[in-house]
Every structure is written in structure tokens, then in C-alpha cells.
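[1] no sequence for this one, just the structure:
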Ligand SMILES: C[S@@+](CC[C@H](N)C(=O)[O-])C[C@H]1O[C@@H](n2cnc3c(N)ncnc32)[C@H](O)[C@@H]1O
């Protein structure tokens, strides 16, 4: 048994539970059976269970951070749409690093989601619909100052209609970007999930005005059959002069 990010020990129970669910669902050729089968065969799901992450999404932020290096020791991070908590689990050791170079840097992570999230040591969690009126003010209050990173993995449940899902996620991403404009330190980073589609142009234009670099990235952990990708905007220029 190994120590997990939550400090818990597990012994592969997640995989066993999945196998039981697939066995039970077999014979009913429903989309949920196909989903369970895909989960069972997914190497990232297996790795997440083995390493104690709450979901395979953890590997997406790990891969993005390995490339862009924004979860640095001492960083103050806002994680929007954080449930069940994989991104937060990845952020905790990275922003609170102890080491020769980092000294004894202590970061701060604020996680927000529509859903309740099981506590994560080192993360301040709040249940909130970020699209509610006044939600950004609440986040600013909880943050109590500036942030170095605003990241959003917010996504509504799929409607089954590609264009509708695309427009919904762009709206979530835009709302997250406006929070970033208000709270980021100069030089800060904004990371957000998007689904490819026609409405990205405006978002890219908006981000390019406020950041020195805007990249569109599909990390290896993002499923190749999904239109999901991530926008990583670095070098926040600060408030317009
Ligand atoms: C893909 S999951 C996030 C996974 C997370 N990054 C992790 O690593 O565990 C998307 C999350 O966005 C949340 N979400 C969707 N719309 C939201 C909203 N309006 N406000 C807050 N959270 C929202 C959902 O509740 C869901 O938990």
C-alpha cells in the first residue's frame, strides 16, 4: 500500500469497484455500460486510483503545469469548478514546496464548485454557483487579496448538443477570465478548459489584450475523442493604464 495525496492508504479498491459495476451493467448495452468499460480500460483512471487522485483530471493540470510552470512555491491559486478535487490535490504540494530553492514557501488554494467537495488539507473550499449574481465578489472576499493563478475546469453536464455545450463552456470560461482580470497579479496565469467550436475567437481576442501569451493546448491526458482543450494565458499585463 502507498501513501496517497490525501494522506490515505488504499489498496486498489477503486478498480475492483469499477469491475463489479461493469459486470453488473453487462448485457444492458447502454451508454453507461460503455462509459464504465471505457473507465476500466483508461490508463489515466488506473493511475488516478493507484496514486490516490480523486479523478483523471488531475493529470491534465499536472501536464499543463509541467509545461508552463505556474503552480510555483508560494503561489496563490483560485480553482473554479474544483470538484471532486483532483486539480487541488496536484496544486497543494507544488505551491507549498519545501526545499533549498523554495525555502519554506507557503501558497494558498481556494477551491470553488457547485457541488460540495470532501475536505482537502491545504485547500479552502466553498460551494458556490460561479454564474450566480455576485459570485465573483464572494470569491474576491474569500481570496482576500491578489492571486497568481486563476484556473477553471468548470463544465456543465453535457446536453448532448455539441454547439450548446460549446457556448455554455465559453460563457463559464469568460466569467472566469473576468475574475482573473480583477484579481491576478501582474505576470499571473489564467488556465481554462474550453470545448472547440465557433465562439472561441472573441475569447482569444479578449485574452490577447490582457496577457502577453495565449496558448491553446491539448494535454495528453485529455481524451483524443473529445473536443476539450485548454487555454493557458501567461504574463498578465495588469489593469489597463
Ligand atoms: C470536470 S469537473 C472538474 C474536475 C476538477 N478539476 C478535478 O480535478 O477534480 C467540472 C466541475 O465544474 C463544476 N461546475 C460547473 N458549472 C459550475 C458553476 N457554474 N459554478 C461552479 N462550478 C461549476 C461542476 O460541478 C464540476 O464539478
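    That came in fine, so what should we check first? Model, not experiment: these values are computed from the prediction. Residues are numbered from 1 along each chain as shown.

[2] Pretty sure residue 167 sits against residue 195.
    No. Using C-beta atoms under 8 Å, residue 167 is not in contact with residue 195, being 9.2 Å away. C-betas here are computed from N, CA, C, even on glycine.

[3] So those two - more neighbours on which side?
    Shown here are residue 167 and residue 195; by other C-beta atoms under 10 Å, residue 195 has more neighbours (21 against 15).

[4] Contacts only, for the more buried one.
    155, 162, 165, 166, 169, 170, 226, 227, 228, 229 (C-beta atoms under 8 Å, 6 or more residues apart in numbering).

[5] Could you check how far residue 163 is from the ligand?
    Distance, residue 163 to the ligand, using C-beta to the nearest ligand atom, to the nearest Å: 18 Å.

[6] which residues does that residue contact?
    Residue 163 neighbours (C-beta under 8 Å, 6+ apart): 197, 198.

[7] just checking, it is part of a helix?
    Yes. Looking at residue 163 with DSSP: H, G, I helix; E, B strand; the rest coil, it is inside a helix.

[8] Residues of this structure that sit close to the ligand?
    Residues of the chain lying close to the ligand by C-beta under 6 Å from any ligand atom are 54-55, 57-58, 81-87, 112-115, 129-131, 153-156, 172.

[9] as a whole number, average confidence for the strand ranked longest in the chain?
    Across the chain, the strand with the greatest residue count (assigned by DSSP state E) is strand 184-195. Averaging pLDDT along strand 184-195 gives 96.

[10] and it, how far from the chain's centre?
    11 Å (C-alpha atoms, centre = their mean, to the nearest Å).

[11] in the helix or strand following it, what's buried?
    Using DSSP states H and E, the helix or strand that follows strand 184-195 in sequence is helix 200-210. Judged by neighbour count using 16 or more other C-beta atoms under 10 Å, the buried positions of helix 200-210 are 200, 203, 206, 207, 210.

[12] with those residues in mind, which one is nearest to the ligand?
    residue 203 (16.7 Å; C-beta to the nearest ligand atom).

[13] any idea how far the residue most central in space within the chain lies from residue 54?
    Nearest to the mean C-alpha position of the chain, by C-alpha atoms, centre = their mean, lies residue 153 at 3.9 Å. Look at residue 153 and residue 54: by C-beta to C-beta, to the nearest Å, they are 12 Å apart.

[14] One more: residue 116?
    13 Å.

[15] out of the two, which sits in the more crowded spot?
    Between residue 116 and residue 54, counted using other C-beta under 10 Å, residue 54 has the larger neighbour count: 22 against 11.

[16] now the closest residue to the more buried one other than its chain neighbours, what's its secondary structure?
    On the basis of C-beta to C-beta, 6 or more residues apart in numbering, the spatially nearest residue to residue 54 that is not a chain neighbour turns out to be residue 84, at 4.2 Å. Under three-state DSSP, the three-state class of residue 84 is coil.

[17] quick one: residue 84 and residue 118 touch, right?
    Yes. Applying C-beta under 8 Å as the test, residue 84 and residue 118 come out as touching, 7.1 Å apart.

[18] Quickly list what's touching both of these two.
    Joint contacts of residue 84 and residue 118 (C-beta under 8 Å, 6+ apart) are residue 54.

[19] all helices for the chain, in order.
    Assigned by DSSP state H, the helices in the chain fall at 13-25, 31-41, 43-51, 57-68, 86-95, 135-143, 162-183, 200-210.

[20] highest average neighbour count across those?
    Among the helices of the chain, helix 86-95 has the highest mean neighbour count (mean count of other C-beta atoms under 10 Å), at a mean of 24.

[21] now it against helix 57-68, angle please.
    Put simply, helix 86-95 runs at 40 degrees to helix 57-68, going by axes from the mean of the first three to the mean of the last three C-alpha atoms, to 10 degrees.
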